[in-house]
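Q: Provided below for reference: sequence and predicted model.
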Amino acid sequence: MRKYITVISIFCFFSASAQSLKEEGWNPAYHASAAKTNDLVNTKLDIRFDFVKTWMYGKAWLTLHQHYYQSDSLNLDAKGMTIENISMVSGTKTIPLQYTYDNMNLHIRLNRVYHASENYTVYIQYISKPNEYHAMISTMMPGQKGLYFINPHNEIKGKPTQIWTQGETEANSYWVPTIDKPNQKTTDEITITVPAKYLTLSNGLLTSQKVNNDGTRSDTWKMDLPHAPYLLFMGVGEYAVIKDHYKNKEVSYYVEKEYAPFARRIFGNTPEMIALYSRLTGVDYPWPKYAQITGRDYIFGAMENTSATLHEESSQLDARELVDGNSWEDVISHELFHQWFGDYVTTESWSNITLNESFADYGETLWNEYKYGKDAGQATIYNDLNNYWNNPANANLKLVRFNYKNVVDAFDAVSYQKGGCILNMLRNYVGDSAFFRSLNLYLTTNKFRSGEVQNLRLAFEEVTGQDLNWYFNQWYYNSGHPKLNITYSYDAPGKTAKVYINQNQAGSVFKLPFAIDVYQGNEKKRYKVWMNNVADTFSFAANSKPDLINVDADKMLVCEKTDHKTAENFIFQYSHAGSYIDRREAIAFFLNNKNEPKSDEFLQTALKDKNDRLRSFVLQRLNMLNDTVRRTMETSLKELVKNDPKSLVRAGAIADLGFYKNQDFKPMFVKYVNDSSYTIAGNSLEALAKIDSVSALALAQSFSTRPAKGELLNAIVTLLSKEGDEKNFRYIYDQFLQAGINARFNLLPAMGDALAREKNADDLKKQVDVILAFRNDLPEFRGQNAWPQIDGVLNAIADAKKNAESPELATYIRSKIPAPLKQENVTEAPVVNNANVTMPQAGLQKYTGDYEYKGDNAPNGIIIKIYMKDQVMYMLVPGQPEYQLERVEENVFHLKNMEGFNVQFNLNNKGAVTNLLSIQPNGTFTAAKTK
């Protein structure tokens, strides 16, 4: 499963699964692998749907045997079902069986004692009612229901009716009685009866289709190879199917019909990916086919159901989105690599989810490295590291996670991104040949079975002949990462260069093998070293002072570095060391040290870097509020807009030029609002609005009659939301209804602005109810991060109505917002108790100004504004409603109506504000004062 992170605002840069430090006194339970009393052998299902009731009528024939000990009982997971009949199948006869059922667990008394050598088949007739029961167990993600009916009553115009299932972690037992544990394996045969206009998809091969007299069709799908119950899948809907192949196996793409022309541009690299992963692992793609299908309102990014991956609707890119490149390709490669790591060999427990997700994450790196070169592979690794570092609390979490409150906690940046980087380090240490041979041994030894991390270690030890307990204990069973402080010296008389490295992290000292490259002119010497102590010194013979000493020359260590190189060192590193991360480190140095004499010249060079990601990185981080930056960069920005081959770079340059608010740029912005790239068009419209809001609004209104997505849609709705026009409101409302979950987050601020101006009480209530339905339909694991933002928008609407002398509407809105969940997360930053706190509001002016967000995931030009209005302090983030700040401590403020969100201002020894900390339930983010 690829957890897809959507940027909602500055307050939501991180995954909903990010886990913070434990609350004092809270001890999460130990989660062992599930005991195996009975083993699944085969699952046969006959399924029909009631779209009106959102029920599923099922018949199941489960073949099992005892794992080892004889028994006369069977325990199954079956969530929220109506059980109608349970029988033992004995030849052509059935024997009724006694059972007890508590809406979660189905306890069946068999007709006799069975031994491990005996298979038996139990028949169960049942009704699945996924919308009528809410299971709460620690091994299932909160809010999951397994079986999802999408627009079943066709109430939303233009939105298709679909059915899809989501099993991971233990939610398939909402629609099939089973032993819903990852260490079980079953073959399956599923017959799905649907209205004839719909297509179906499931695991394995389509073995038969039968047209029925009632306007339905029955499709039978059969999977003859065993796989885990959570990987069982059904998909139903109206689709176009585009077919490719890998060797003699079908590779197919199920997309909504309007996206059929683009399916190969989105998914068309899949056969080449299959060939790559088959070659690298030495295991040819093991399943009988590979299909990929899209699903509306799917909230998990994508899911690697065996031979039938489900993607959220964001995967459906149109021609204008594809101008910017295939933004979904990493997800495609991630899910495909799961077919080996997760499906072919499955984690035996969710505590070992790294065996699934870390490998799938690393599959993205392997594909990018192979297809697009070393820069692309390193960029993927760097982004993974950044996602891991973004939440400081991740350093407290182990990769193998036996203790957790809910399983969602284990699906985080540690299991995914850090785990992928740990595999990359292991590959660097043992070498490519040994790495991939070890993967082959792990896969072939454990094929069609489940495993734990020790199985992986043993495979690597068998191949390399080395004891690797130190590596697995350090990186898999321990938490954290090294924090390295690196300094340098040169002894001219002794002709010796020295590197001093200190580990400054709390806790254990890490054992680190890595390379150090020493450069003297064009000559490079590599030294392989080990760091074993809190502080180590490494000495190298050098006839003259080195131009560069490059510690961790392969840039593969999972570590934080404070590297005391000079500006000249970084300039040399950029041009001579030359890897993606080497160049990025140099760029970051000059972006963060803009007073360096050579900064402007260097950044001009970086804007011509061969890698478009690095060019975009510079554009995102330039301080366009600085007069000197604007003056020195203007020519380069114009040149990029005109000539850069990558649309996202051109879009970034346009966004930066928007900060000039220069009327001379108007013809350029007007020209590019019609660009084929949504991003260029959207950024141009936003830039135009800064100098000619009337023309920008007119263009937004004209664009509202055409298809729009991404940045263009965001720009349109932002402009339209500022005008109290019923037609504009209707457009925003319709877009919100039609949008997928991730797009809805982006539309939410404009929806809030529009509703704040809505004067018709009935329309207001209707549209507020739509936002509330969106809010309340989010499963808890996603909602924990999103609910405060949604509630903030709703409260802002209520405030607007109260100020407009419509207190009854304000009361209506507030009455609909559920009470916030008790936060069980804390951060390393100060925790503020906002209850009944009154602080004097005097002396606030010193906090006002512009603050630049310093994280790498920030969108173009992210500037937080703190300002005063009517003696009240406010915070404004681009694309968001303004947030009132209420003082609760000296230098600490609470965001009104935003539970758990605070801002702390830091001052220097002269009492001047230097930066702010945005303190949130999932982390603390820094923005430096620039003005």
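A: Yep, that arrived. On a predicted model such as this, the values are computed, not experimentally measured, just so you know.

Q: quick one: contacts for residue 471?
A: Taking C-beta atoms under 8 Å, 6 or more residues apart in numbering as the definition of contact, the neighbours of residue 471 are 426, 429. Yep, even glycine has a C-beta here, placed from its N, CA and C like the rest.

Q: so how far is residue 553 from it?
A: Between residue 471 and residue 553 the distance is 20 Å, computed by C-beta to C-beta, to the nearest Å.

Q: Check residue 705 too.
A: Plainly put, residue 705 is 56 Å away from residue 553 if you go by C-beta to C-beta.

Q: neighbour count winner among the two?
A: Shown here are residue 705 and residue 553; by other C-beta atoms under 10 Å, residue 553 has more neighbours (21 against 8).

Q: Show the pLDDT at the more buried one.
A: Residue 553 is assigned 98 on the pLDDT scale.

Q: Am I right that it is in contact with residue 515?
A: Yes: at 4.4 Å, residue 553 counts as touching residue 515 under the criterion of C-beta atoms under 8 Å.

Q: Mutual contacts of the two, please.
A: With contacts taken as C-beta under 8 Å, 6+ apart, residue 553 and residue 515 have residue 526 as neighbours in common.

Q: quick one: the strands in the stretch 601-750 of the chain?
A: For the stretch 601-750 of the chain, no strands are identified by DSSP state E, counting those that start in this stretch.

Q: can you list the weak-confidence ranges in the stretch 201-350 of the chain?
A: Within the stretch 201-350 of the chain, no stretch falls below the threshold (pLDDT under 70).

Q: how about the helices of it, start to end?
A: For the stretch 201-350 of the chain, the helices identified by DSSP state H, counting those that start in this stretch occupy 263-267, 270-281, 319-322, 329-338, in order along the chain.

Q: in the first one, what's buried?
A: Right, the one you point to is helix 263-267. Neighbour-count burial for helix 263-267, counted by 16 or more other C-beta atoms under 10 Å, picks out 263, 266, 267.

Q: hey, what's the closest residue to the last one other than its chain neighbours bridged with?
A: Ranked by C-beta to C-beta, 6 or more residues apart in numbering and with sequence neighbours excluded, the top spatial neighbour of residue 267 is residue 253, at 4.4 Å. According to DSSP bridges, residue 242, residue 292 are recorded as the beta-bridge partners of residue 253.

Q: So residue 253 is in contact with residue 309, correct?
A: No: if you go by C-beta under 8 Å, residue 253 and residue 309 don't touch, sitting 10.2 Å apart.

Q: so what sits against both of these two?
A: Overlap of the contact sets of residue 253 and residue 309 (by C-beta under 8 Å, 6+ apart) consists of 291, 292, 293.

Q: now, which of the residues you listed sits nearest residue 496?
A: residue 292 (57.8 Å; C-beta to C-beta).

Q: List of residues touching stretch 635-647?
A: For stretch 635-647, the external contacting residues (C-beta under 8 Å, 6+ apart) are 323-325, 604, 607, 612, 615-616, 619, 649-650, 652-654, 656-657, 668, 672, 675-677, 679-680.

Q: on that earlier part again, which of the shared contacts of residue 253 and residue 309 tops the neighbour count?
A: residue 293 (26 neighbours).

Q: Could you tell me the end-to-end distance of stretch 414-424?
A: Stretch 414-424 has an end-to-end distance of 14 Å (C-alpha to C-alpha, to the nearest Å).

Q: I'd like the distance from that stretch to the chain centre, please.
A: 14 Å (C-alpha atoms, centre = their mean, to the nearest Å).

Q: What of stretch 698-705?
A: So, by C-alpha atoms, centre = their mean, the centroid of stretch 698-705 is 32 Å from its chain's centroid.

Q: Can you give me the buried ones in that stretch?
A: Across stretch 698-705, burial judged by 16+ other C-beta under 10 Å covers 699, 700, 701, 703, 704.

Q: In a markdown table: those, plus distance to residue 313 and pLDDT.
A: Below are those laid out as a markdown table (distance: C-beta to C-beta, whole Å; pLDDT from 0 to 100):
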| residue | distance to residue 313 | pLDDT |
| --- | --- | --- |
| 699 | 27 | 98 |
| 700 | 24 | 97 |
| 701 | 27 | 96 |
| 703 | 22 | 97 |
| 704 | 21 | 95 |
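
Q: Select from those residues every entry located in helices.
A: 699, 700, 701, 703 (DSSP state H).

Q: doesn't residue 721 make contact with residue 728?
A: Yes: Residue 728 lies in contact with residue 721 (C-beta under 8 Å); the separation is 7.2 Å.

Q: joint contacts of those two?
A: Common contacts of residue 728 and residue 721 (C-beta under 8 Å, 6+ apart): residue 754.

Q: Give the burial count for the closest residue to residue 118 other than its chain neighbours, as a bare number.
A: Taking C-beta to C-beta, 6+ apart as the measure, residue 118 lies nearest to residue 65, with 6.0 Å between them; neighbours along the chain are not counted. Neighbourhood size, residue 65 [other C-beta under 10 Å]: 16.

Q: what packs against whichever helix or strand residue 65 is part of?
A: Assigned by DSSP states H and E, residue 65 falls within strand 55-66. Contacting strand 55-66 under the criterion 3 or more C-beta pairs under 8 Å, 6 or more residues apart in numbering; DSSP states H and E are the following elements: strand 38-50, strand 120-128.

Q: Columns mean neighbour count on top of those strands, output as JSON lines?
A: As requested, the helices and strands packed on strand 55-66 are exported to JSON lines (neighbours: other C-beta atoms under 10 Å):
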{"stretch": "strand 38-50", "mean neighbour count": "20"}
{"stretch": "strand 120-128", "mean neighbour count": "20"}
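
Q: Out of those, which gets nearest to residue 533?
A: Across those, the minimum distance to residue 533, taken as C-beta to C-beta, is reached by strand 38-50, at 49.4 Å.

Q: Convert the C-alpha atoms of that closest one to PDB, please.
A: The C-alpha coordinates for strand 38-50 follow below in PDB (Å, rounded to 0.1, in the frame of the first residue of the first chain):
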ATOM      1  CA  ASN A  38      -6.400 -23.500  11.500                       C
ATOM      2  CA  ASP A  39      -4.900 -23.000   8.000                       C
ATOM      3  CA  LEU A  40      -6.800 -21.600   5.100                       C
ATOM      4  CA  VAL A  41      -6.400 -23.700   1.900                       C
ATOM      5  CA  ASN A  42      -9.000 -22.300  -0.500                       C
ATOM      6  CA  THR A  43     -11.700 -19.600  -0.500                       C
ATOM      7  CA  LYS A  44     -14.600 -19.900  -3.000                       C
ATOM      8  CA  LEU A  45     -17.200 -17.100  -3.000                       C
ATOM      9  CA  ASP A  46     -20.400 -16.400  -4.900                       C
ATOM     10  CA  ILE A  47     -21.300 -12.700  -4.500                       C
ATOM     11  CA  ARG A  48     -24.200 -10.400  -5.500                       C
ATOM     12  CA  PHE A  49     -24.800  -6.800  -4.500                       C
ATOM     13  CA  ASP A  50     -27.800  -4.700  -3.400                       C
END
